[in-house]
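**Student:** only the shape, not the letters, is given here:
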DNA sequence: ACTTGTTTCAAACATATGTTTGAAATGGCG
DNA sequence: CGCCATTTCAAACATATGTTTGAAACAAGT
């Protein structure tokens, strides 16, 4: 009934509107979130008719699901999966790379940051897609960070301690995205340029490395 | 035209529905945010007719504005304004009090945490009220925390350093509220009981105190 | 050129939601 | 009681927004 043509031998033709829709929707969803984004807004940006969303994606929810998969592919191009492992870097350096990459995924412009922004939104304003996002994206990333933190905390670190430290690190990165409206009011000079992101990553890493050590000594 | 009766000598009568509305709306807005909350949902909970919102508050936005003021009064009862100052506590202890109070304002049940939850929502999903919230609530709190941090960082700390550290501390507190949907999926055992909040405050404080020291030594 | 399957489009539709309205109920006061 | 301001209510209204529809445009094969 629909999208039959894509299974034939002309995947290039017939795609333009579907693709326009995917890209427009990715940008809009990343900026506004699922709920606040409107189908008409997306279609206007894509230059298509509103009915196209239903024709190609079976509705707004279906479009959103496809956007998540598409944004995932776009992000992989920039941050090849598990590129950092195998390099055998010092864990301190690995933490800095993790933090910096995290920030870039949230603040880069263009499609490479769509996934990060969508995920950030999902956390604050969940949709039906959150469960999948947690299992497919967040869980693996969490495992990686926990590995790094365990190296830094030593083998005697309790599970609970690792988790708390993990959240302390991640929270500092997410904050700048979630609370951007407040930050821009509190500190109007604060910017998110490439250079500023690097400095931010340095601060978060230094703060966290010292913080990690602080949780090691002493009972309770 | 409206709410004339309250200026007479019977403020107790005529108030019930207005007050019911305020309390129901506070709970709903705190839980769902301004946009997702519906007038009908609030009125059902308050046991009033939908038109009452317009009669007493001139619409949803007016109700929300009053809710912010009402929640502010409710929060002050629990956390008397600037109670911590003047006691001359060690800054380490002051930081712990700040963090613990912050968490309580987000996770307490009942009206004492309404303001904290509303503010947390405003940060992530701003409304027209955000500017006022920043100036009247967040800015003063920020000043207080910066004072504490400056004591810990020493008089030579740069403004920029203080700000970054401030955000590192605050971000860790807000994270648990903003990202609760993710946390409950990642760590289903994680709870927010009174006891757990105390432990959380201890972790964040220890992590941050050590982190603060880590930002002191060494240039760049 | 005809036919068939695919795509596009404007319009209509359905629903949710904030708001308004006009009448009915209420409650003090002479 | 009977009058008045106040309050409550059910219903209607207006708008935004996701979805459906039926026809027209298009493309490809025979």
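**Tutor:** Arrived safely, thanks for sending. Note that this is a predicted model, so its numbers are computed, not measured.

**Student:** give me the below-cutoff pLDDT ranges for chain A.
**Tutor:** A:1-15, A:81-87, A:217-220 (pLDDT under 70).

**Student:** point to the residue nearest the middle of it.
**Tutor:** The centre of chain A sits closest to residue A:116, judged by Cα atoms, centre = their mean, with a distance of 1.7 Å.

**Student:** wait, doesn't that one sit right on residue A:78?
**Tutor:** No - in this structure, residue A:116 is not within contact of residue A:78 by Cβ atoms under 8 Å, at 10.1 Å. No exception for glycine: its C-beta is placed from N, CA and C like everyone else's.

**Student:** spit out the residues that contact the two alike.
**Tutor:** Shared contacts of residue A:116 and residue A:78 (Cβ atoms under 8 Å, 6 or more residues apart in numbering or on different chains): residue A:108.

**Student:** name the helix or strand for the residue nearest to the centre of chain A, please.
**Tutor:** In the assignment (DSSP states H and E), residue A:116 maps to helix A:114-124.

**Student:** ok, now which ones touch the residue nearest to the centre of chain A?
**Tutor:** A:75, A:102, A:104-106, A:108, A:177.

**Student:** ok, so of those residues, who is nearest residue A:144?
**Tutor:** Among the contacts of residue A:116, residue A:102 lies closest to residue A:144 (Cβ to Cβ), at 11.0 Å.

**Student:** for that closest one, which non-adjacent residue is closest in space?
**Tutor:** Nearest residue to residue A:102 in three dimensions, chain neighbours excluded: residue A:173, at 4.4 Å (Cβ to Cβ, 6 or more residues apart in numbering or on different chains).

**Student:** for residue A:146, see how far away residue A:166 is.
**Tutor:** Note on residue A:166: its distance to residue A:146, by Cβ to Cβ, to the nearest Å, is 6 Å.

**Student:** quick one: residue A:103 and residue A:176 touch, right?
**Tutor:** Yes - counting by Cβ under 8 Å, residue A:103 does reach residue A:176; the two are 7.1 Å apart.

**Student:** so for those two, which sits in the more crowded spot?
**Tutor:** Taking other Cβ atoms under 10 Å in any protein chain shown, residue A:103 and residue A:176 do not tie; residue A:103 has more neighbours (24 against 21).

**Student:** what's the helix or strand hosting that one in contact with?
**Tutor:** Using DSSP H and E, residue A:103 falls within helix A:91-107. Outside helix A:91-107, the residues that touch it by Cβ under 8 Å, 6+ apart are A:75, A:79, A:84, A:89, A:112-113, A:115-117, A:120, A:144-145, A:148-149, A:151-152, A:169-170, A:172-174, A:176-177, A:192, A:197-198, A:200-202, A:204-205, A:208-209.

**Student:** domains in chain A, by residue range?
**Tutor:** With domains defined by automatic domain parsing, chain A comprises A:5-74, A:79-214.

**Student:** let me have the ones you listed in CSV, extended by distance to residue B:185.
**Tutor:** As requested, these are exported to CSV (distance: least, Cβ to Cβ, whole Å):
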stretch, distance to residue B:185
domain A:5-74, 16
domain A:79-214, 5
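
**Student:** turn those domains into a markdown table, including distance to DNA strand C.
**Tutor:** Below are the domains of chain A laid out as a markdown table (distance: least, Cβ to the nearest atom of the strand, whole Å):
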| stretch | distance to DNA strand C |
| --- | --- |
| domain A:5-74 | 3 |
| domain A:79-214 | 14 |
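
**Student:** now the helices for chain A?
**Tutor:** A:15-36, A:39-46, A:51-57, A:60-78, A:91-107, A:114-124, A:130-133, A:139-153, A:159-178, A:180-186, A:194-214 (DSSP state H).

**Student:** deepest-packed of those helices, please.
**Tutor:** Stretch with highest mean neighbour count among the helices of chain A: helix A:114-124 (a mean of 24; mean count of other Cβ atoms under 10 Å in any protein chain shown).

**Student:** does that helix come close to DNA strand D?
**Tutor:** No - figure legend: helix A:114-124 not in contact with DNA strand D (Cβ under 7 Å from any atom of the strand); closest approach 14.8 Å.

**Student:** between helix A:91-107 and that helix, find me the angle.
**Tutor:** When axes from the mean of the first three to the mean of the last three Cα atoms, to 10 degrees is applied, the directions of helix A:114-124 and helix A:91-107 differ by 90 degrees.

**Student:** could you check how far helix A:114-124 is from the centre of its chain?
**Tutor:** Centre-to-centre, helix A:114-124 and its host chain are 5 Å apart (Cα atoms, centre = their mean, to the nearest Å).

**Student:** over to stretch A:165-182?
**Tutor:** With Cα atoms, centre = their mean as the basis, the mean position of stretch A:165-182 lies at 12 Å from the chain mean.

**Student:** also stretch A:46-53?
**Tutor:** 26 Å.

**Student:** which residues are contacting it?
**Tutor:** A:17-18, A:20-21, A:23-25, A:39-40, A:42-43, A:59-60, A:63.

**Student:** who's in contact with residue A:59?
**Tutor:** Counting by Cβ under 8 Å, 6+ apart, residue A:59 makes contact with residue A:53.

**Student:** distance of it from residue A:30?
**Tutor:** With distances taken as Cβ to Cβ, residue A:59 is found 19 Å from residue A:30.

**Student:** check residue A:36 too.
**Tutor:** Counting by Cβ to Cβ - residue A:36 and residue A:30 are separated by 12 Å.

**Student:** and residue A:44, by the same measure?
**Tutor:** In terms of Cβ to Cβ, residue A:44 sits 17 Å off from residue A:30.

**Student:** over to residue A:189?
**Tutor:** Distance from residue A:189 to residue A:30, by Cβ to Cβ: 25 Å.

**Student:** could you do residue A:150 as well?
**Tutor:** For residue A:150, the distance to residue A:30 - Cβ to Cβ - is 32 Å.

**Student:** also residue A:79?
**Tutor:** From residue A:79 to residue A:30 the distance is 16 Å (Cβ to Cβ).

**Student:** how far off centre is stretch A:99-112?
**Tutor:** Counting by Cα atoms, centre = their mean, stretch A:99-112 comes out at 8 Å from the chain centroid.

**Student:** same thing with stretch A:56-75?
**Tutor:** For stretch A:56-75, the distance to the chain centre is 15 Å (Cα atoms, centre = their mean).

**Student:** again with stretch A:146-163
**Tutor:** For stretch A:146-163, the distance to the chain centre is 24 Å (Cα atoms, centre = their mean).

**Student:** which residues does that stretch contact?
**Tutor:** Residues contacting stretch A:146-163 (Cβ under 8 Å, 6+ apart): A:91-92, A:94-95, A:98, A:165-166, A:169, A:209, A:212, A:215-216, B:187.
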